[in-house]
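Asks: No letters, just coordinates:
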């Protein structure tokens, strides 16, 4: 372990340029790591929004619950990791797909307005949180053991751990795989068609119901991966789903219906969080995502990557 | 002291005079029983702070009842859930006072929420003893009716830590990381006196309890080159900061406040043993949780709640905290004599001073003192063994009328 | 009957009744913006909080009858609402929901960190409300006033709904394009509905100060917004009676759930999901439909 070379300086108005540079490098490095996880979650939100127009307010709780499924299997049932990982992803896939199929389809059938679908997802978030708390495992912060050592390495003047690098690498790989699937496979093309015009997609033979289940399921899988990646880092509690706010902020910054936008947005939010903490105030860190949402929506509602803002409402 | 005793005597005499008439009207008291109201977070995100604390208080009352009660009366308790939320806590208190007609209250595990009940309790002149809430906002400025901080006054938490850092390590430059909530405001204010006396310079970072990435606050603290880091945070941010400190090669002492030590084993699992090479935790009890001096209480819990005790993570760490407030209540009732009134109980509380055998310091109230405990011990923890260090560290903070 | 409530029951029941009446008014406010105008607003708790703090601080600063402080709270909240409404003009649906949500969270942060005004994380003591010589010190004393103000707000909401303004709100909800074609100033309608909704929420904050002695930023978060939204939805989106009934029914459910602590979140979530699945027009419409079915069908 190599501690970063810290000059003996106190912070204040006379903050030395060198110290500011160290702050900047460390802030960006750590921000990219957390940002990669926010980006994954933002991706999970945006892919659903793009295809069903529903912002899934339960995404954070799906992420949280998936983390606890893995924790339960791995730590309490002592299952081997090669069983735990796929099992968690399958559970997340099924939960989301079934919620889409049996709950949201029914809601959509009995009400036309968006607000009903949104509230149903809020309901899901409460149910999941309540279930996890019922188990009693949500009381104390727990960690899913890191599968990668947490030894530090220096990049420039920033110190990151091997785990950080693994998180970043996995997140980027998953995102790349998802893009490939979404853009270049038949399933992906069907999904995009559903997002653009569901009726037309149905006419050319896309099974709408199956496609929606698949999208929601995949979104669950991405959330579960995010949970597995970040829980060794942020620790698990029944309230860890609140991290979804950072993902929403990322999605907004990226334009909310752009997949690459969501990813870039995730990195932006991760870095902004650290910059606010380092150069403004630690107290304001939690405020950063909300300010980002407000500023982007007021100044450039289509986000940094969204195209022209289209009015969907008739 | 003597003035105080005279005053107590006078109130006692006065209440004896009207006792015959008023006795019948005291709510919640019959010849057979005294009804009290217990409340705490039995659900929701803060359940861990109070669920087993309530259970501990209940089992203590059950024990007293089994031994014959107080002056022949049994304690009858009604339990309400306050969800650690201000509105719900007030609803619970009002229900207990006006619907259940309890004689006195014993409840609350979350400081911010108990403050909401302050004016109501005072207006209705109900004796109110907190559970494990430090609740300084409701204790100070002192009133005749509210007593608490049996675990520790939050004002004293930071000061005792500063004292320890200065005495144990000769630290002069100390990093102090707290939360931007009521707890944080109180413990920082309370620590200033001890910092001044010890000539310690504090570099303060206040963070939100929901923080996910602690890189920024840690870097800032690190840049101040501290001799020791005091973490006056909850368990999760504390674990994140300890991890970050290890990742960044910080090897000077890290001292964790009692608010962040819900489960030390879990902490070791969360941060890894390597991160705990120079690590100390504050403890308000006489011994580490589960330690030899506290064994009778753990045995009592196992006997009272065999099913719960079999579950993982039970009893919760804060469980023994429920005993001293219950002792205090029982003692006050005993001291109030065979015909207790609210006035007599309150008078008895104001001069109460006893050793609970559970907490590090004596439970002491006084004319202006409404916080029972202000002392802590420190434990060196390396991830496997907890070694209590000699010495009790007490904060110099005292209430100053503004 | 309802007026005589304090005579018959304990202070606890009256406290719950007071709280419910405040929530009725909060629901009326949300009804204006969501139910009438069809705009997604997720910052209701923020406007409520602004009302609580503003009226409590005004009450402390000047020695005037409490209704003046309440009006001040409503005005401040309304002004902020107009401002947010103006900013929100360019946004729709989910964007509007997220922007107002972010605003709500940011306001909660302000309540908790603007120490010099709100007393920050220590929470603010609310001094007793005064009406001339009368000082209100208990729930029972406060109840007639709370009930009166609640009825005034119900009357006001009905009046707004039946006025031209109310018709323009509903026209915007049905179709902005059609509303514009009918010569309705859509921008104005949207901004005004935000302002009115916020002012009513702020007024509810003033009502809260009638019987509560303390406010803490913790109770002004997204949870509270969701609680109000749930009430409106359970009662039936778009109807004033639904908003009122929803507040009462769901408020009581929430209080009863305090007795079943282990399951409350699950039950709460399940209620939301089941209502959306099978009774999206609200409890009362659902019951009405079942009764009609029972009568006509076999």
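Replies: That came in fine, so what should we check first? Keep in mind that this is a model prediction, so the values were computed, not measured. Numbers count the residues shown, from 1 in each chain, chains lettered A, B, ... in the order given.

Asks: Run the chain-centre distance for stretch A:186-198.
Replies: 22 Å (CA atoms, centre = their mean, to the nearest Å).

Asks: How about the backbone phi and psi for the closest residue to chain C within the stretch 201-350 of chain B?
Replies: Nearest residue of the stretch 201-350 of chain B to chain C: residue B:208, at 8.4 Å (CB to the nearest CB). (C-beta placed from N, C-alpha, C; glycine too.) Torsion angles at residue B:208 (phi, psi; degrees, to the nearest 10) stand at phi -80, psi 140.

Asks: Now do the SS call for the residue nearest the centre of chain B.
Replies: Central residue of chain B (CA atoms, centre = their mean): residue B:151, 2.7 Å from the mean position. Counting by DSSP: H, G, I helix; E, B strand; the rest coil, the backbone at residue B:151 sits in coil.

Asks: hang on, the earlier thing: distance of the residue of the stretch 201-350 of chain B closest to chain C relative to residue A:30?
Replies: 17 Å (CB to CB, to the nearest Å).

Asks: So for those two, which residue has more residues nearby?
Replies: Between residue B:208 and residue A:30, counting by other CB atoms under 10 Å in any protein chain shown, residue A:30 is the more crowded of the two (27 against 21).

Asks: Roughly how far does that one sit from residue B:248?
Replies: Distance, residue A:30 to residue B:248, using CB to CB: 10 Å.

Asks: follow-up on the earlier one: just confirm the residue nearest to the centre of chain B contacts residue B:258, I think it does.
Replies: Yes. Here residue B:151 lies in contact with residue B:258, judged by CB atoms under 8 Å, at a distance of 7.5 Å.

Asks: list residues touching both of these two?
Replies: Residues touching both residue B:151 and residue B:258 (CB atoms under 8 Å, 6 or more residues apart in numbering or on different chains) are residue B:284.

Asks: Contact residues of the stretch 151-300 of chain A facing chain B?
Replies: Selection of the stretch 151-300 of chain A residues close to chain B by CB under 8 Å from any CB of the partner chain yields A:152, A:159, A:161, A:234-235, A:237-239, A:242-243, A:246, A:270, A:273-278, A:282-283, A:285-286.

Asks: can you list the weak-confidence ranges in chain C?
Replies: Chain C contains residues with pLDDT under 70 at C:1-8, C:92, C:258-262, C:297-298.

Asks: what's around the nearest residue to residue B:227 once chain neighbours are set aside, how many residues?
Replies: Using CB to CB, 6 or more residues apart in numbering or on different chains and skipping the chain neighbours, the partner closest in space to residue B:227 is residue B:171 (3.8 Å). As a burial measure, residue B:171 scores 23 neighbours (other CB under 10 Å).

Asks: again with residue A:208
Replies: Around residue A:208 there are 15 residues (other CB under 10 Å).

Asks: ok, it to chain B distance?
Replies: Using CB to the nearest CB, to the nearest Å, one obtains 37 Å as the distance from residue A:208 to chain B.

Asks: Would you check that residue C:273 makes contact with residue A:116?
Replies: No. Checked against CB under 8 Å, the pair residue C:273 and residue A:116 is beyond contact range at 10.6 Å.

Asks: if I pick the residue in the stretch 251-400 of chain B positioned nearest to chain A, what's in contact with it?
Replies: Taking CB to the nearest CB, chain A has its nearest neighbour within the stretch 251-400 of chain B at residue B:270, 4.3 Å off. Residues counted as contacts of residue B:270 (CB under 8 Å, 6+ apart) are A:141, A:142, A:143, A:235, B:239, B:243.

Asks: in which helix or strand would I find it?
Replies: Following DSSP states H and E, one finds residue B:270 within helix B:264-271.

Asks: can you check residue A:270 too?
Replies: Going by DSSP H and E, residue A:270 is part of helix A:259-279.

Asks: Next one: that helix, is it in contact with chain C?
Replies: No. Counting by CB under 8 Å from any CB, chain C has no neighbours in helix A:259-279; the shortest distance is 12.3 Å.

Asks: Sort out which residues of that helix are buried, please.
Replies: A:259, A:261-278 (16 or more other CB atoms under 10 Å in any protein chain shown).

Asks: Let me see the confidence value for the residue nearest to residue C:268 when sequence neighbours are not counted.
Replies: Spatial nearest neighbour of residue C:268, chain neighbours left out: residue A:126 (5.0 Å); criterion: CB to CB, 6+ apart. You'll see residue A:126 listed with a pLDDT of 90.

Asks: give the contact list for residue A:126.
Replies: C:265, C:266, C:268, C:269, C:272.

Asks: Among those, which one sits closest to chain B?
Replies: residue C:265 (7.6 Å).

Asks: Checking that closest one next. Helix, strand or coil?
Replies: Judged by three-state DSSP, the three-state class of residue C:265 is helix.

Asks: residues contacting it?
Replies: Contacts of residue C:265 (CB under 8 Å, 6+ apart): A:126, A:127, A:129, A:130, A:133, B:43, B:44.

Asks: any idea how far the host helix or strand of the fifth one is from the chain center?
Replies: Put plainly, it is residue A:133. In this assignment (DSSP H and E), residue A:133 forms part of helix A:114-135. Relative to its parent chain, helix A:114-135 has a centroid offset of 17 Å by CA atoms, centre = their mean.

Asks: same thing with stretch B:333-343?
Replies: 25 Å.

Asks: cool, stretch A:163-182 as well?
Replies: A distance of 12 Å separates the centroid of the chain from that of stretch A:163-182, by CA atoms, centre = their mean.

Asks: Show me the residue sitting in the middle of the chain in space.
Replies: With no chain named, the answer covers chain A. Centre-most residue of chain A, counting by CA atoms, centre = their mean: residue A:41, 1.4 Å.

Asks: Quickly note the distance from it to residue A:197.
Replies: 27 Å.

Asks: Run a quick neighbour tally on residue C:177.
Replies: 12.

Asks: For the host helix or strand of it, which residues meet the burial criterion?
Replies: Element membership of residue C:177 [criterion: DSSP H and E] is helix C:176-181. For helix C:176-181, a neighbour-count test (16+ other CB under 10 Å) marks C:176, C:179 as buried.

Asks: tell me which parts of the stretch 151-300 of chain B are close to chain A?
Replies: B:180, B:203, B:205-208, B:210-213, B:215-217, B:219-220, B:222-225, B:235-236, B:239-240, B:243, B:246-250, B:262-263, B:266, B:269-270, B:272.

Asks: May I see the ChimeraX selection of the buried members of those?
Replies: In ChimeraX syntax, the buried subset of those is picked out as below (16+ other CB under 10 Å):
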select /B:180,203,205,206,207,208,210,211,212,213,215,216,217,219,220,222,223,224,235,236,239,240,243,246,247,248,250,262,263,266,269,270,272
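
Asks: Was I right to think residue A:260 contacts residue A:250?
Replies: No. The pair residue A:260 and residue A:250 fails to qualify as a contact (CB under 8 Å) at a distance of 11.9 Å.

Asks: The chain: strands as residue ranges?
Replies: In the absence of a named chain, chain A is used. Under the criterion DSSP state E, chain A contains strands at A:152-155, A:158-161.

Asks: that's the other chain; I wanted chain C
Replies: Under DSSP E, chain C gives strands at C:124-125, C:130-131, C:134-135, C:214-215.

Asks: Do you have the helices of the chain handy? List them.
Replies: No chain was given, so I picked chain A. Listed in chain order, the helices of chain A (DSSP state H) span A:17-52, A:59-71, A:81-98, A:105-110, A:114-135, A:162-184, A:186-196, A:198-203, A:208-234, A:244-253, A:259-279, A:288-299.

Asks: my question was about chain C
Replies: C:5-8, C:11-30, C:44-61, C:66-87, C:93-113, C:115-118, C:139-162, C:164-174, C:176-181, C:186-211, C:222-235, C:240-257, C:264-278, C:283-296.
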